[in-house]
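Engineer: the sequence and its predicted three-dimensional model are supplied below.
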Amino acid sequence: MKLFQKLAIATSLVLGLATLTTKSASAAIINYAFNVDSSTAKGNGLFSFDDSTFSNDNIPVAPVQSLSFKFDNDPNIYTAKDDVEYPDYPVAFPTVSLADNAPIGLLYSFLDKANPDKSYEIAGTLFSVSSETSDSGIVSYRQVPEPSTLGSTFLLGTIGLFMKKKVRSIKNIKA
């Protein structure tokens, strides 16, 4: 009986963890967070895209479905519609050559809402400001976990704790 219980627990954990690390065969909405850092401007944002919409070009791109960006200490929020070439841009593109090894980069150009003579551009890991004085900086990316992945991790952790308590109580009864 003990062997069967241990085998069942091990099998359920292995299957649960396997579902966390495998990629879905179907398309999905992918969410990324990004941070901009330069000497004159810092900020952070979020964007998402459908990974099934990548073009068949030499450098495939996918239209960004949603984007929200805000500079620190600035009340303005920039969206995908603020791109100077909207609706063709902003776009996400796959890459493995970015400095922070992010598999996705962003192409996004927009004007300052308070001063339209000032423009900003995000091109992969590069950030640039064009105005009377130019500035450049870096962009870093990180994928935002899907809610289902977080839920699965929480569920497996809860099951593991429950099983650990159950095993302890069985050992106490036998002793």
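Structural biologist: Yep, that arrived.
Engineer: pairing partners for residue 136 in the sheet, please.
Structural biologist: Under DSSP bridges, the beta-bridge partners of residue 136 are residue 128.
Engineer: does it touch residue 126 like I think?
Structural biologist: Yes. Between residue 136 and residue 126 there is a contact under CB atoms under 8 Å: 6.8 Å. In short, each C-beta sits where N, CA and C put it, glycine included.
Engineer: how is this structure partitioned into domains?
Structural biologist: The chain breaks down by automatic domain parsing into domains covering 2-22+148-174, 29-145.
Engineer: what's the least confident stretch among the ones you listed?
Structural biologist: Within the domains of the chain, confidence is poorest for domain 2-22+148-174, with a mean of 56 (mean pLDDT).
Engineer: which residue ranges of the chain form strands?
Structural biologist: Counting by DSSP state E, the chain has strands at residues 29-38, 42-50, 62-71, 77-79, 91-94, 104-111, 119-123, 126-130, 135-143.
Engineer: just so I know, which of the ones you listed lies nearest residue 85?
Structural biologist: Distance to residue 85, taken as CB to CB, is lowest for strand 104-111 among the strands of the chain, at 6.9 Å.
Engineer: which strands or helices does the closest one pack on?
Structural biologist: strand 29-38, strand 62-71, strand 91-94, strand 119-123, strand 135-143 (3 or more CB pairs under 8 Å, 6 or more residues apart in numbering; DSSP states H and E).
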